[in-house]
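K.L.:
Next input, structure requested:
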Amino acid sequence: MTRLIYDQFAKDYLKELLTPLGEIETSVDVPGEIREIDVWFTPYPSEQRGDAGVLGLLGQLASTPCIFEPFRNAVNPNQIRSCMGKLYDIHANLQRQRQRENSRLEEADLPWLWILSPTVSANILNGCKAELDQKNWLPGVYFLGEILKTGIVVIHQLPRTPETLWLRMLGKGNVQKQAINEIGALPPNHPLRSNALLLLANLQATIQASQNVDREDQELVMELSPLLLQWEEQAVQRGLQQGLQQGLQEGEELGVRRGHRTIVQNLLRLRFGVLDEELSRIIEPLLELPPEEFTALLLQLSREELLARFGS
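P.N.:
Predicted coordinates:
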């Protein structure tokens, strides 16, 4: 998978999963330099937070303000230093801000850095003096010195348990394939299953549209195809059942139409987070298409492309 495709998927994926727990910013500019933080997370107060437990280890990482820097390939020393440089630039900026406000910056207010990498060589871990904390954390989570506020998650070392599922999705090869299958096996009513599958559908469509598809990309598309086809069919059936129930007293044809409408509305909400006035106007034109066609378009096209095609 090309780096840019993976970078965008990782940002969207972490944003989708962590949004119930706190404020998310992606591609945040570092003051003073043309550098970006991939994902900056600030947790909500405890009374406003969603259920962090459903995210397992990822929810544990997000228990404090933090920066996530995911890598598709094994991170190297220069990349580690670059990530840490961005972290300390942010620390310095926060310190200056508090000084202007005549307030104190506590250690707990400083964000952590979590580097997410599929693998990391033993030499690099030794060079970073990275150590496990077996009493409090799972295998695969390494910590640098406490004041450095940096951890490295070696995804392929994580145990294959439900607790690590959402991080293993950011791995490579068989580790990622196993995580994809586990997501597919989750109960249909799991709070994260549909959103995760939608993100994977977007990833599949992006890869297929790319001009630079390597063997690894092709294998991932093949792995995703049967799972996403099954999910789309289930979504259609659920929508039809809801519509038939709603329209039972008004005739079967109207019930089917209601079912198709429910599918379109649900997919628009999943893709774009809200069903606003602009998106509502394209529902009727989409309903003129067969279910398999409008489902595919809703999964593949951007908001702008949908509005351009069906908004007139």
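K.L.:
which residues touch stretch 137-145?
P.N.:
Residues from elsewhere that reach stretch 137-145 (C-beta atoms under 8 Å, 6 or more residues apart in numbering): 57, 60, 120, 125, 128-133, 150-159, 163-164. Backbone N, C-alpha and C define where each C-beta goes, glycine included.
K.L.:
Buried among those residues? Need that as a selection in ChimeraX.
P.N.:
Applied in ChimeraX, the following selects the buried portion of the contacts of stretch 137-145 according to 16 or more other C-beta atoms under 10 Å:
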select :57,60,120,125,128,130,150,151,152,153,154,155,156,157,158,163,164
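K.L.:
Can you flag which of the contacts of stretch 137-145 belong to helices?
P.N.:
Using DSSP state H, 57, 60, 125 are the members of the contacts of stretch 137-145 that sit in helices.
K.L.:
Can you tell me which of the residues you listed is nearest residue 171?
P.N.:
residue 57 (12.9 Å; C-beta to C-beta).
K.L.:
ok, residue 268 to residue 47 distance?
P.N.:
31 Å (C-beta to C-beta, to the nearest Å).
K.L.:
Which one's more surrounded, those two?
P.N.:
More neighbours surround residue 268 than the other of residue 268 and residue 47, with 21 against 5 (other C-beta atoms under 10 Å).
K.L.:
Show me the strands in the protein, by range?
P.N.:
Along the chain, counting by DSSP state E, strands occupy 22-29, 36-43, 66-70, 112-117, 131-132, 141-143, 150-154.
K.L.:
and those as TSV, adding distance to residue 88 and mean pLDDT?
P.N.:
Output for the strands of the chain, formatted as TSV (distance: least, C-beta to C-beta, whole Å; pLDDT from 0 to 100):
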stretch	distance to residue 88	mean pLDDT
strand 22-29	15	77
strand 36-43	12	87
strand 66-70	11	94
strand 112-117	9	97
strand 131-132	21	96
strand 141-143	17	97
strand 150-154	10	98
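K.L.:
TSV please, covering these and showing distance to residue 295.
P.N.:
What follows is the strands of the chain, written out as TSV (distance: least, C-beta to C-beta, whole Å):
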stretch	distance to residue 295
strand 22-29	27
strand 36-43	29
strand 66-70	29
strand 112-117	32
strand 131-132	45
strand 141-143	39
strand 150-154	35
